[in-house]
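>>> quick one, what's the 3D model for this:
(2 chains)
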2 protein chains.
Amino acid sequence: MAQKQNTQPPKGTRDFLPRDVRRREHVLKTVRAVYSRYGFEPLETPAMERLDTLLGKYGEEGDQLIFRILERGAELGRAVDKIIGESKTAAEPRALHKFAERELAEMALRYDLTVPLARVVAEHQAELPKFFKRYQIQPVWRADRPAKGRFREFYQCDVDIVGSESVLCEVEVCSAIAEVMDGLGFDDYKIRLNHRGVLRGMIEASGIGLEHEVDAITALDKLDKIGVDGVAKEMAERGIAADAATALIARAQLATQHTGGSLLEELGRALEKSEAGSRGVKQLQELVSFAAHTPAGRRLAVDPSLARGLSYYTGPIFEVAVKDLAGSLGGGGRYDKLVGMFLNRDLPAVGFSLGLERILVVMEERNMFPALDAPAEVMVFRIEDATTAETLQTLHAIRAAGISAELYPNVDKLGKQFQYATTRGARVAAFVGGQEKDAGTVALKQLQTQQQTSAPRAELVAKLRELLASR
Amino acid sequence: MAQKQNTQPPKGTRDFLPRDVRRREHVLKTVRAVYSRYGFEPLETPAMERLDTLLGKYGEEGDQLIFRILERGAELGRAVDKIIGESKTAAEPRALHKFAERELAEMALRYDLTVPLARVVAEHQAELPKFFKRYQIQPVWRADRPAKGRFREFYQCDVDIVGSESVLCEVEVCSAIAEVMDGLGFDDYKIRLNHRGVLRGMIEASGIGLEHEVDAITALDKLDKIGVDGVAKEMAERGIAADAATALIARAQLATQHTGGSLLEELGRALEKSEAGSRGVKQLQELVSFAAHTPAGRRLAVDPSLARGLSYYTGPIFEVAVKDLAGSLGGGGRYDKLVGMFLNRDLPAVGFSLGLERILVVMEERNMFPALDAPAEVMVFRIEDATTAETLQTLHAIRAAGISAELYPNVDKLGKQFQYATTRGARVAAFVGGQEKDAGTVALKQLQTQQQTSAPRAELVAKLRELLASR
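The predicted structure is shown next:
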């Protein structure tokens, strides 16, 4: 027998006990129901991908966070032999370690759900509809340093529309997200909205060269976290002139002075000389006016400071935010150059990724979960061996009526059985002792009120329904 | 841009397109519903486990099929340096490769759901109920050579009761499995039933020494596949005397001459001199007589030739079988010495593992799936840009009524939109052109009959419900 081992889940991962699974399922049920009502279809892909499918898609930092699968058997042997061969000539340990990393793994765990989507679109194009509206809810793995709310295994809930350039796709995705948030009981969220063209226009209008576009967006993305001074400092460090930085930050903060239509008008005026900026403003105007006819309408808030770090967006970008959480509950946008990467052509796409763990954190803090914790409504006791047949008949009559019931498996003292039933959250205990057997009845006890009654076996289900209906 | 890459899923894994996911979900929904009605609770564990949690639990062959996670960064560097150091003194390549395998990975992908259950029971004992009835439906990974119906990533649906020695736990598990099978529409399955004590009794009664117990069970396990002669041959190869082997096979085949109670009586007589055998027969008698009061009753078939390869069972064993599939759809039994392994004590447990992919294969071949394929019932067309607002209002009125609706996102030719709606399996197309906009109506077309009608916007939902109700 093994000696006492470490039985914690690995660093950055978690066991989900029944209560946790129920809460996660409560959220996912809402997500799936909304997505289905919108005509999105479920997709699932393997946990493992070829390493070369993943490498180079997430930047150098991302590549380092990918979990690789060690080669096995003969392949591992060959890789080890090659590394030892290489070690005899390698200039320095670092280069040798890189060499080893390349040789020792051909597969890896998926890092997000977007690259697998791109792979599936390339592999299965003939079978997929012209407009591929898919959702995918699966775990992803990243070797991030674990921290509060940051895990090495976590779920993404992605929804994407591939194949159309129409801004109605953005409207559809935002509307679906709004219905998910509404369905979960959030009443104070905003969908922040911006456009990559608007960002480019603001950068141009502020006199920042486009060689600093990524620097400017990266710094601006932190406005919420580090404030105006922090962003100005970071822009200076990245080589952006102080007056240009000030001008950009001022434009990004237009949303604090204007809202809705007047903000977009103001932005239109401010960016009229930038082609990208003007096009962006026009698209946002369309998006906002169409969204007014959907559940997303009253939630959208144009915010020129929204930057979204990832570089692959090409049009509108959005993020769901609530006041009591720094950062977002999820985000997305249009990215017309990514999904077609394995086909070597552009393929228009709009998507949104909801972060399940962040939603759970806020719902937990706000006490937004309904009662989900009772595994079974009825606990069936065992009184004595002589009534086991009647006990089982009772148990299955209850279940056959669609009522959940758990069997206490041992003939223990009644007090022990009552205690167990109460801890488990059952509402009624049902049992057949010798007396009930002779009388052809079942004893029923409401666990909260401690009231006991009994029902003839033919009336058991009706009586139980009555007891369970009373609160 | 990347050049054309291999976009197939990795060897032994699959992409599940929407139709596949729906079929899998159809099965899992039934599984979850039954398990919940029985008071089983959901558990989920991380994909990754510490390697030392897994090693030594699945035999040497199993250990070799575990997917290991390559160490990263500084740890990988240290491991590589150690391997190179070792290579200077290692006696032979094989030993060096084994050394490397140990150094290069600390984590691995889970291989089954039983060892994670044992780990969870040890780690969270204080939070778990006295009788822990859990189900767990998650993928597992094994580096098996892929073959028809054998994958490297596949789902297990496990259900276990931990904490009671009562044979009613076996009855509960068999009954739940029967209800799952009934719920999926199987009407010809059997739950084959045997007992490790009965197997031991038969081995003793046949004059085979207990040092050959595992050999005898391993060979007997193949009776279905390789027949009497094959088993006799294998027993001979494993050093079991010919007359003893013949006697054991004859006993294992008692089920072909006797059934039900008379078979158990016959077995009882045959094994009366073996303590393990007699106890086994007595437990099976109890199990069968109690199960008669549950949905499992008419499905149980005692079969002394059932062996179940795994060595960890300690009591009753069972397997679900249908005639048109060699092998089983799943199996399980009592294993009182496994779940407590990380606690260094015995912990009684009964479990069953259903193989999702095998169930799907049989259901597919038998055409047992209901119609599951329409992503949305209604397709909303776009006729012209001028009616986009009314189109979106129509779309969301339909969805708000709980009817699933997909939006055709582009203003394309009507013929193209109709064709798309038909391919997608929608039943009704709804659209608002200029005429409908002026009249305050929505045009509705039943895609199968091609009948077109229209409804005032206030009556849209009622009219749609009517059209969707007609088949």
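>>> number of nearby residues for the closest residue in space to residue A:155 that isn't next to it in sequence?
In space, residue A:155 comes closest to residue A:356 once its chain neighbours are excluded; the distance is 4.1 Å by Cβ to Cβ, 6 or more residues apart in numbering or on different chains. C-betas here are computed from N, CA, C, even on glycine. A count of nearby residues for residue A:356, using other Cβ atoms under 10 Å in any protein chain shown, gives 20.
>>> just residue A:7 next, same as before
Residue A:7 has 18 neighbours, counted by other Cβ under 10 Å.
>>> check which helix or strand it maps to.
If you go by DSSP states H and E, residue A:7 is not part of any helix or strand.
>>> strands of the stretch 201-350 of chain A, start to end?
Remark: strands assigned in the stretch 201-350 of chain A by DSSP state E, counting those that start in this stretch are A:300-302, A:316-321, A:330-334, A:349-355.
>>> so for residue A:218, which of those sits nearest?
strand A:316-321 (14.0 Å; Cβ to Cβ).
>>> for residue A:184, give me its contacts.
Residues in contact with residue A:184 (Cβ atoms under 8 Å, 6 or more residues apart in numbering or on different chains) are A:27, A:30, A:359, A:363, A:368.
>>> who wins for neighbours among the residues you listed?
In those, the most neighbours by other Cβ under 10 Å go to residue A:359, 26 neighbours.
>>> and that one, helix, strand or coil?
Under DSSP: H, G, I helix; E, B strand; the rest coil, residue A:359 falls in the helix class.
>>> circling back: just put the strands of the stretch 201-350 of chain A in JSON lines and tack on distance to residue A:203, mean neighbour count and mean pLDDT.
Compiled in JSON lines, those are given as follows (distance: least, Cβ to Cβ, whole Å; neighbours: other Cβ atoms under 10 Å in any protein chain shown; pLDDT from 0 to 100):
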{"stretch": "strand A:300-302", "distance to residue A:203": "17", "mean neighbour count": "22", "mean pLDDT": "94"}
{"stretch": "strand A:316-321", "distance to residue A:203": "15", "mean neighbour count": "25", "mean pLDDT": "96"}
{"stretch": "strand A:330-334", "distance to residue A:203": "17", "mean neighbour count": "24", "mean pLDDT": "95"}
{"stretch": "strand A:349-355", "distance to residue A:203": "23", "mean neighbour count": "24", "mean pLDDT": "95"}
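>>> got those strands as TSV, with distance to residue A:208 columns?
Shown next, in TSV, are the strands of the stretch 201-350 of chain A (distance: least, Cβ to Cβ, whole Å):
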stretch	distance to residue A:208
strand A:300-302	21
strand A:316-321	19
strand A:330-334	21
strand A:349-355	27
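>>> and of those, who's closest to chain B?
strand A:349-355 (9.6 Å; Cβ to the nearest Cβ).
>>> one step back: gap between the residue nearest to residue A:155 and residue A:186?
With distances taken as Cβ to Cβ, to the nearest Å, residue A:356 is found 14 Å from residue A:186.
>>> in space, what's closest to the residue of the stretch 201-350 of chain A found nearest chain B - neighbours in sequence excluded?
Using Cβ to the nearest Cβ, the single residue of the stretch 201-350 of chain A nearest to chain B is residue A:293, 3.9 Å away. Sequence neighbours aside, residue B:392 is the residue nearest to residue A:293 in space, at 3.9 Å (criterion: Cβ to Cβ, 6+ apart).
>>> hang on, isn't the one you found packed against residue A:167?
No - checked against Cβ atoms under 8 Å, the pair residue B:392 and residue A:167 is beyond contact range at 11.6 Å.
>>> okay, and the common contacts of these two?
Common contacts of residue B:392 and residue A:167, defined by Cβ under 8 Å, 6+ apart, comprise residue A:290.
>>> what's the domain layout of chain A?
Under the assignment automatic domain parsing, the domains of chain A span A:18-57+A:111-365, A:58-109, A:378-469.
>>> return the most buried member of those.
domain A:18-57+A:111-365 (a mean of 19; mean count of other Cβ atoms under 10 Å in any protein chain shown).
>>> give the contact list for residue A:128.
With Cβ under 8 Å, 6+ apart, residue A:128 has these contacts: A:120-121, B:17.
>>> ok, these vs residue B:304, which is closest?
Distance to residue B:304 across these (Cβ to Cβ) is lowest for residue B:17, with 44.2 Å.
>>> quick check, the closest one in contact with residue A:43.
Yes - applying Cβ under 8 Å as the test, residue B:17 and residue A:43 come out as touching, 6.6 Å apart.
>>> what touches both of those two?
The contact lists of residue B:17 and residue A:43 share residue A:120, where a contact means Cβ under 8 Å, 6+ apart.
>>> interface residues of the stretch 351-471 of chain A facing chain B?
Remark: the part of the stretch 351-471 of chain A in contact with chain B comprises A:375-376, A:382, A:388-389, A:392-393, A:395-396, A:399, A:402-410, A:420, A:423-424, using Cβ under 8 Å from any Cβ of the partner chain.
>>> counting only helices, which of those make the cut?
Filtering those for membership in helices, criterion DSSP state H, returns A:388-389, A:392-393, A:395-396, A:399, A:420, A:423-424.
>>> those: which two are farthest apart?
A:389 and A:423 (27.6 Å).
>>> now the end-to-end length of stretch A:354-372.
22 Å (Cα to Cα, to the nearest Å).
>>> what's that stretch in contact with?
Contacts of stretch A:354-372 (Cβ under 8 Å, 6+ apart): A:19, A:22-24, A:26-28, A:31, A:137, A:149, A:151, A:154-159, A:177, A:180, A:184-186, A:320, A:322, A:324-325, A:327-330.
>>> what residues does the stretch 151-300 of chain A put near chain B?
So far as Cβ under 8 Å from any Cβ goes, the stretch 151-300 of chain A lies against chain B at A:152-153, A:161, A:164-166, A:168-169, A:171-172, A:175, A:179, A:290, A:293-295.
>>> apply 10 Å and report the result again.
Counting by Cβ under 10 Å from any Cβ of the partner chain, the stretch 151-300 of chain A comes close to chain B at A:151-153, A:161, A:163-172, A:175-176, A:179, A:286, A:289-297.
>>> from these, which land in helices?
Those of these lying in helices (DSSP H): A:168-172, A:175-176, A:179, A:286, A:289-291.
>>> greatest separation within those: which pair is it?
Farthest-apart pair in those is A:179 and A:286; separation 20.9 Å (Cβ to Cβ).
>>> all helices for the stretch 151-300 of chain A, in order.
A:168-184, A:196-205, A:213-220, A:223-237, A:242-252, A:260-270, A:275-291 (DSSP state H, counting those that start in this stretch).
>>> can you list those in TSV and add mean pLDDT and distance to residue B:226?
Formatted as TSV, the helices of the stretch 151-300 of chain A follow (pLDDT from 0 to 100; distance: least, Cβ to Cβ, whole Å):
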stretch	mean pLDDT	distance to residue B:226
helix A:168-184	97	54
helix A:196-205	94	65
helix A:213-220	88	65
helix A:223-237	90	67
helix A:242-252	91	74
helix A:260-270	87	76
helix A:275-291	96	66
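>>> residues contacting residue A:326?
Contact analysis of residue A:326 by Cβ atoms under 10 Å, 6 or more residues apart in numbering or on different chains lists A:224-225.
>>> just residue A:194 next, same as before
A:202, A:220, A:252, A:255, A:267, A:280, A:284, A:301-308, A:313, A:316-319, A:333.
>>> ok, and the closest non-adjacent residue to it?
residue A:306 (4.0 Å).
>>> remind me which residues of chain A are low pLDDT?
Along chain A, the model assigns pLDDT under 70 to residues A:1-4, A:260, A:309-310, A:373, A:471.
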